[in-house]
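quick one, fold the following:
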Amino acid sequence: MKKSDIVNLLLQEKESSLPSREKSMAFAPSNIALCKYWGKRDSELNLPMTSSLSVALPDKGAMTTLIVQDASSDTITVNNQQISEDSKFAKRTIEYLDLFRPQKNWHLNIEIKSDVPIAAGLASSACGFASLVSALNELFDWKLTHRQLSILARLGSGSAARSLWNGFVEWHAGMQPDGMDSFAEPLDVEWQSLCMGLLLVSEAEKPVSSREAMQCTVDSSIFYSLWPKKVNQDLALIKQALKTHNFSLLGGAAESNALAMHATMMSAWPPICYYLPETIAAMQKVWQMRKNGVEVYFTQDAGPNLKLIFLSDHKAIVKEQFPEMETVRLFD
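Purely as a prediction, here's the structure:
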């Protein structure tokens, strides 16, 4: 099946393909995977090999505004800077919009305000596509459910399936070839004292995109065959930790899962390594802090930046060790 088949399936009962208003806007939070998504069973539909679980950064993400315009092409601005139509970012965005465009000569002014670095391993694509499809839902008045929006967001970026909610979110891998059972849903769990620290080692665009790195890993890593088993184990541990508020279990499983994901990348050919010297230095500092009795853990996505996980009781001492860190309270 193609992406357009899924779009037609979900929108076939809508009365009109034309927008119901001239402007819409929507926000979607960035999400940080505690149990990672790495590898696809269907590249066209972004269907994952395994399920995954994330937590949202409620005040970090993307706000997308859509304005219908009488023009010969779409206009895309990110943080008030117009993006070239020839850029990877614009091509990917326009390709996604083409799935919903009612007429070939129908175009939009797309304004994106993002407070997370683009393509630096902080889920910018996830919140970007989730906010885009949410804004389209408002523009066309589709009245889609969050589950349906999760499926549509997934077509733009796999992890975007998880960026429609705050809190903890699980993305079900599903088994159906059409992917209609591959969607995310929120977990009924809150953890008021849980904090995350954003440690930006570099805001530069990463040299290898997540999509390219993922495919290379699946195709060539000798370790990748072990990855689904690792995910299943970690997912069960993290769910247990959330249920019992066992912080040691949560942090250990999340850190181990991230390290295992990066191990599969480094065993690929050509090898993929997102670590910078500063990344490794920060890891070693985290490990030393734990030896000294301060419980702090890290997770890392496809980029050099770390996300530190700790409880509010340790906020001051973690901040002292990492003064450049930005602390995010995950639950109000």
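
quick one: end-to-end distance for stretch 87-107.
End-to-end distance for stretch 87-107, by Cα to Cα, to the nearest Å: 18 Å.

just for the stretch 101-250 of the chain, where's the confidence low?
In the predicted model of the stretch 101-250 of the chain, residues 117-123 satisfy pLDDT under 70.

which residues in the stretch 101-250 of the chain form strands?
107-114, 168-171, 184-186, 194-199 (DSSP state E, counting those that start in this stretch).

now tabulate those strands in CSV and tack on mean neighbour count.
In short, each C-beta sits where N, CA and C put it, glycine included. What follows is the strands of the stretch 101-250 of the chain, written out as CSV (neighbours: other Cβ atoms under 10 Å):
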stretch, mean neighbour count
strand 107-114, 20
strand 168-171, 23
strand 184-186, 20
strand 194-199, 21
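
need the longest strand for this structure.
Determined from DSSP state E, the single longest strand within the chain is strand 52-69.

in it, which residues are buried?
Within strand 52-69, the residues scored as buried using 16 or more other Cβ atoms under 10 Å are 52-58, 60-66, 68.

on that earlier part again, out of the strands of the stretch 101-250 of the chain, nearest to residue 147?
Evaluated over those, closeness to residue 147 peaks at strand 184-186, with 6.9 Å, by Cβ to Cβ.

for that closest one, packing partners?
helix 146-156, strand 168-171 (3 or more Cβ pairs under 8 Å, 6 or more residues apart in numbering; DSSP states H and E).

in which helix or strand does residue 317 reside?
Taking DSSP states H and E as the definition, residue 317 sits inside helix 315-321.

mind listing residues that contact that helix?
Here helix 315-321 makes contact (Cβ atoms under 8 Å, 6 or more residues apart in numbering) with 195, 197, 285, 289, 294, 296, 308, 310, 325, 327.

burial count for the closest residue to the fourth one other than its chain neighbours?
Computed as Cβ to Cβ, 6 or more residues apart in numbering, the closest residue to residue 289 that is not its neighbour in sequence is residue 296, at 5.4 Å. The criterion is other Cβ atoms under 10 Å. On that basis, residue 296 has 23 neighbouring residues.

ok, now the one 5 residues further on?
Number of residues near residue 301 (other Cβ under 10 Å) recorded here: 25.

backbone phi and psi for the nearest residue in space to residue 1 that is not next to it in sequence, please?
Here the nearest residue to residue 1 in space, its sequence neighbours aside, is residue 178; by Cβ to Cβ, 6+ apart that works out to 5.3 Å. Residue 178 adopts backbone torsions of phi -80, psi -10, taken as degrees, to the nearest 10.

list the contacts of residue 176.
residue 182.

please repeat the previous calculation with a cut-off of 7 Å.
Listed by Cβ atoms under 7 Å, 6 or more residues apart in numbering, the contact set of residue 176 is empty.

over to residue 133?
By Cβ under 7 Å, 6+ apart, residue 133 lies in contact with 149, 152-153, 156.

apply 6 Å and report the result again.
When the contact criterion is Cβ atoms under 6 Å, 6 or more residues apart in numbering, the partners of residue 133 are 149, 152-153.

show the buried residues in these.
Buried by 16+ other Cβ under 10 Å: 149, 152-153, out of the contacts of residue 133.

okay if I get these as JSON lines plus distance to residue 95?
Converted to JSON lines, these look like this (distance: Cβ to Cβ, whole Å):
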{"residue": "149", "distance to residue 95": "19"}
{"residue": "152", "distance to residue 95": "14"}
{"residue": "153", "distance to residue 95": "15"}
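
of these, closest to residue 38?
Checking the buried ones among the contacts of residue 133 one by one against residue 38 (Cβ to Cβ), the nearest turns out to be residue 153, at 18.3 Å.

thought the residue nearest to residue 1 was touching residue 5?
No. Taking Cβ atoms under 6 Å as the contact criterion, residue 178 and residue 5 are not neighbours in contact, 7.5 Å apart.

the more surrounded of those two?
For residue 178 versus residue 5, neighbours defined as other Cβ under 10 Å are more numerous around residue 178 (15 against 12).

from residue 26, how far out is the more buried one?
26 Å (Cβ to Cβ, to the nearest Å).

got it, and residue 166?
In this view, residue 166 and residue 26 are 14 Å apart by Cβ to Cβ.

scan this structure for its longest helix.
Using DSSP state H to assign secondary structure, the helix with the most residues in the chain is helix 247-266.

what's in contact with the next helix or strand after that helix?
Under the assignment DSSP H and E, the closest C-terminal helix or strand after helix 247-266 is helix 277-291. The set of residues external to helix 277-291 that reach it, using Cβ under 6 Å, 6+ apart, is 199, 201, 296, 298, 304, 306.
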